[in-house]
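In: build the 3D model from these lines:
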Amino acid sequence: MKLELRHLRVVCAIADAGSLSKASSVLGLAQPALTAQLHRIEGLLGGKLFDRDHKGARPTALGELVLERARVLLPAFSRLQEDALRLVDEDQPTDRFRVGAVNGPMLGGLVHRLTEAHPGAHVGTQVSWSGDELAAAVAQGRLDYVLVGVCGDAPPPSEYGLTWSVVAVDPVCVLISEDHPLTLLDEVPLSALKDMQWAATPGDGCFGDCFSAACTRAGFAPRTLYEVDIMGCIDLAQSGDVIALCQPTFRRTPGLAVLPLAGVPLRWRHLIGWDPESAAAALGPQVLRYAAEAYREKAERNPRYTGWLADHPEFGAVPHHAAV
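Out: The predicted structure is shown next:
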């Protein structure tokens, strides 16, 4: 991992707030997730950035150096983006859809519906593991819409003033070798997997901490949690030694089964956001509807999940597209 501008924004937010608890509220992150992110940033820079105690967080000498440079770089970068966007804005097509997405089930179906409904439009996509990065791109005018996922009741990226709506709510499931005896069950108790190793795709937010807490409630501490891409999750799960955490709409893969966890210890909310002051906001409800249709289409390809949804109507696509 390399140092990025979003890391500098985190350091500035902590310094401005004076504590990690206050900064986590400003950034819309759970405090454990922000603490873990700070540790990763400190690892990249080679030392502590803040001295922390009951009074708050105070920059170290290294922290002061990073803050000094960050407060020059961040405004300069924002001005560069604004000037570039103003320069090219006149040459951009008026009928365009620029969609950013974190790993989720709706991007392909959404792009298909946009191109079908607007045959002359330019549809572009951008993907990232960071919902915060994509939300910033919407706020800066580089994207029109963003699809993100958040753990449980955690808020979506909140510092950019975007309008957010919930598209669907999923149980977090497990991707497991179809030869495993637990695949005979409709739902898998989390405690039955206590001796397994785990894998999940990377991302920002509190999911890793929530997973650890769910395991603790189930009476065990999780073994290794590998952070890998989607193909890595598939490969590790096919080995039979690793359980991958996944969404129930995960595409069918030979040799693997997707199973819900009993009692739904972890939930995942799919959201879409846009800038309410942008021209794209006028078509926001239409794009939201397309995203919901894309989700339903993907969910219906998994008969096991649609059967589960029949007994759990509080999950799946949100009927009235609740705003956040």
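
In: which stretches of this protein have low pLDDT?
Out: 1, 28, 81-94, 320-324 (pLDDT under 70).

In: domain assignment for it?
Out: 5-87, 92-170+268-317, 173-265 (automatic domain parsing).

In: highest mean neighbour count out of those?
Out: The highest mean neighbour count among the domains of the chain, using mean count of other Cβ atoms under 10 Å, belongs to domain 92-170+268-317: a mean of 19. Yep, even glycine has a C-beta here, placed from its N, CA and C like the rest.

In: which stretches of the stretch 101-250 of the chain form strands?
Out: 122-127, 145-151, 163-171, 173-177, 197-200, 225-227, 242-246 (DSSP state E, counting those that start in this stretch).

In: which element follows the last one toward the C-terminus?
Out: Per DSSP states H and E, the first helix or strand lying C-terminal to strand 242-246 is strand 256-260.

In: measure how that next one sits relative to strand 163-171, angle-wise.
Out: 110 degrees (axes from the mean of the first three to the mean of the last three Cα atoms, to 10 degrees).

In: about what we covered before: out of the strands of the stretch 101-250 of the chain, which gets nearest to Val258?
Out: strand 173-177 (5.2 Å; Cβ to Cβ).

In: which residues touch Val318?
Out: Shown in contact with Val318 (Cβ atoms under 8 Å, 6 or more residues apart in numbering): Val166, Val167, Ala168, Val169, Ala292.

In: Serialize those to JSON lines and add fields for distance to His312.
Out: Below are the contacts of Val318 laid out as JSON lines (distance: Cβ to Cβ, whole Å):
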{"residue": "Val166", "distance to His312": "16"}
{"residue": "Val167", "distance to His312": "17"}
{"residue": "Ala168", "distance to His312": "13"}
{"residue": "Val169", "distance to His312": "10"}
{"residue": "Ala292", "distance to His312": "18"}
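
In: what's the closest of those to Arg113?
Out: The closest of the contacts of Val318, once distances to Arg113 are taken by Cβ to Cβ, is Ala292, at 10.3 Å.

In: verify the contact between the closest one and Pro319 for me.
Out: No - contact criterion Cβ atoms under 8 Å: Ala292 and Pro319 do not qualify, at 9.1 Å.

In: would you mind giving the strands of the stretch 101-250 of the chain as CSV with distance to Asp53 added?
Out: Shown next, in CSV, are the strands of the stretch 101-250 of the chain (distance: least, Cβ to Cβ, whole Å):
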stretch, distance to Asp53
strand 122-127, 40
strand 145-151, 29
strand 163-171, 35
strand 173-177, 40
strand 197-200, 33
strand 225-227, 30
strand 242-246, 35
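
In: right, and these - which one's nearest Pro265?
Out: strand 163-171 (8.7 Å).

In: break down the stretch 1-150 of the chain into its helices, ranges please.
Out: 5-17, 20-27, 31-45, 61-89, 107-117, 131-139 (DSSP state H, counting those that start in this stretch).

In: can you tell me which of those helices is nearest to Pro254?
Out: helix 107-117 (20.2 Å).

In: who touches that closest one?
Out: Contacts for helix 107-117 (Cβ under 8 Å, 6+ apart): 97, 99, 101, 121, 123, 125, 127, 147, 286-287, 290-291, 293-295, 297-298.

In: need the contact list for the residue nearest the centre of the chain.
Out: The residue lying closest to the centre of the chain (Cα atoms, centre = their mean) is Gly149, at 4.1 Å. With contact set as Cβ under 8 Å, 6+ apart, Gly149 has these partners: Val102, Asn103, Gly104, Gly131, Gly203, Gln247, Trp268, Arg269, His270, Leu271.

In: between which two of those residues is the distance greatest?
Out: Most distant of the contacts of Gly149, by Cβ to Cβ, are Gly131 and Gln247, 14.8 Å apart.

In: ok, Ala137 touching Gly124?
Out: No - if you go by Cβ under 8 Å, Ala137 and Gly124 don't touch, sitting 11.5 Å apart.

In: could I get the helices of the stretch 1-150 of the chain as a markdown table with distance to Leu236?
Out: Formatted as a markdown table, those follow (distance: least, Cβ to Cβ, whole Å):
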| stretch | distance to Leu236 |
| --- | --- |
| helix 5-17 | 28 |
| helix 20-27 | 31 |
| helix 31-45 | 22 |
| helix 61-89 | 36 |
| helix 107-117 | 24 |
| helix 131-139 | 24 |
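
In: of all those, which lies closest to Asp195?
Out: Here helix 31-45 is closest among these (Cβ to Cβ), at 25.0 Å.

In: which residues sit against that closest one?
Out: 1-3, 7, 10-11, 14, 20-21, 23-24, 27, 29, 48-50, 62, 66, 204-206, 208-209.

In: change it to 7 Å
Out: 1, 3, 7, 10-11, 14, 20-21, 23-24, 27, 48-49, 62, 66, 205-206, 209 (Cβ atoms under 7 Å, 6 or more residues apart in numbering).
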